[in-house]
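Peer 1: sequence and predicted structure below; questions after.
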There are 2 protein chains.
Amino acid sequence: MSQYYEHHVFFCGNRRPPGERTCCADKGADRVRDYAKQRVKALGLSGAGKVRINQAGCLDRCEEGPCIVVYPEGVWYTYVDEEDVDEIIEQHLRQGRVVERLRLK
Amino acid sequence: MSQYYEHHVFFCGNRRPPGERTCCADKGADRVRDYAKQRVKALGLSGAGKVRINQAGCLDRCEEGPCIVVYPEGVWYTYVDEEDVDEIIEQHLRQGRVVERLRLK
């Protein structure tokens, strides 16, 4: 089945009140997602048949976060900063190679 | 590759200011997503290895919305109300059969 987006990337952007279970928003998720969106656009990768970067509610892997999932392949990543996301964009989204060092098992 | 969720369902919940391009939030997306979340939980389908219902930012198929995408299979749906979502839950999420009448092409 052909997919509407070749790679559909969801960034968990969940935010919890202070003192509760950890959340991705506390670890820079919004900033890094905005960066990914701009970067993918600048590289001409965004749009139908190509890549879509999306915000998502809680993906429920909070303790392993901040996390991303890339569909349809169902590969989950964590990241620390923009540099990690650059690697995911270049290796995975452009070249189709999973970045094992950032992968969630 | 085994998937963390057997079916990962994203409801577009984007909301635009009045007078702009149409958005899923204007068509009951929040209410129907909450319903889906409760229904899947009540049926014992939710959790790792099973089903996850998620909110998402704009999926960028606004004019065809309100819309949902189910991964990893990458099947897109529209819906009118809770009854349509019941059909998707029963047919697709429980029995693995795509509901063709609600499918976005």
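Peer 2: Arrived safely.
Peer 1: hmm, who's touching the helix ranked longest in chain A?
Peer 2: Identified as the longest helix of chain A according to DSSP state H is helix A:29-42. Residues outside helix A:29-42 that contact it (C-beta atoms under 8 Å, 6 or more residues apart in numbering or on different chains) are A:9, A:11-14, A:46, A:51, A:53, A:55, A:65-66, A:79, A:81-82, A:85-86, A:89, A:93. Backbone N, C-alpha and C define where each C-beta goes, glycine included.
Peer 1: next step: those residues restricted to strands.
Peer 2: A:9, A:11-12, A:51, A:53, A:55 (DSSP state E).
Peer 1: can you pull the pLDDT of the residue nearest to the spatial centre of chain A?
Peer 2: Central residue of chain A (C-alpha atoms, centre = their mean): A:Ile68, 3.5 Å from the mean position. For A:Ile68, the pLDDT comes out at 97.
Peer 1: which strand or helix spans A:Arg21?
Peer 2: Secondary structure from DSSP states H and E places A:Arg21 outside every helix and strand.
Peer 1: now for it: which residues touch it?
Peer 2: Counting by C-beta under 8 Å, 6+ apart, the residues that A:Arg21 touches are A:62-63.
Peer 1: how close does it sit to chain B?
Peer 2: Separation of A:Arg21 from chain B (C-beta to the nearest C-beta, to the nearest Å): 16 Å.
Peer 1: ditto for A:His7
Peer 2: Per C-beta to the nearest C-beta, A:His7 is found 11 Å from chain B.
Peer 1: what does A:Ile68 give?
Peer 2: In this view, A:Ile68 and chain B are 12 Å apart by C-beta to the nearest C-beta.
Peer 1: in a strand, that residue, correct?
Peer 2: Yes. Under DSSP: H, G, I helix; E, B strand; the rest coil, A:Ile68 sits within a strand.
Peer 1: now the phi/psi pair for the closest residue to it other than its chain neighbours, please.
Peer 2: Among residues not flanking A:Ile68 along the chain, A:Tyr77 sits closest, at 4.6 Å (C-beta to C-beta, 6 or more residues apart in numbering or on different chains). The phi/psi pair for A:Tyr77 (degrees, to the nearest 10) reads phi -130, psi 160.
Peer 1: does A:Tyr77 have beta-bridge partners, and which?
Peer 2: Note on A:Tyr77: beta-bridge partners by DSSP bridges are A:Ile68, A:Arg103.
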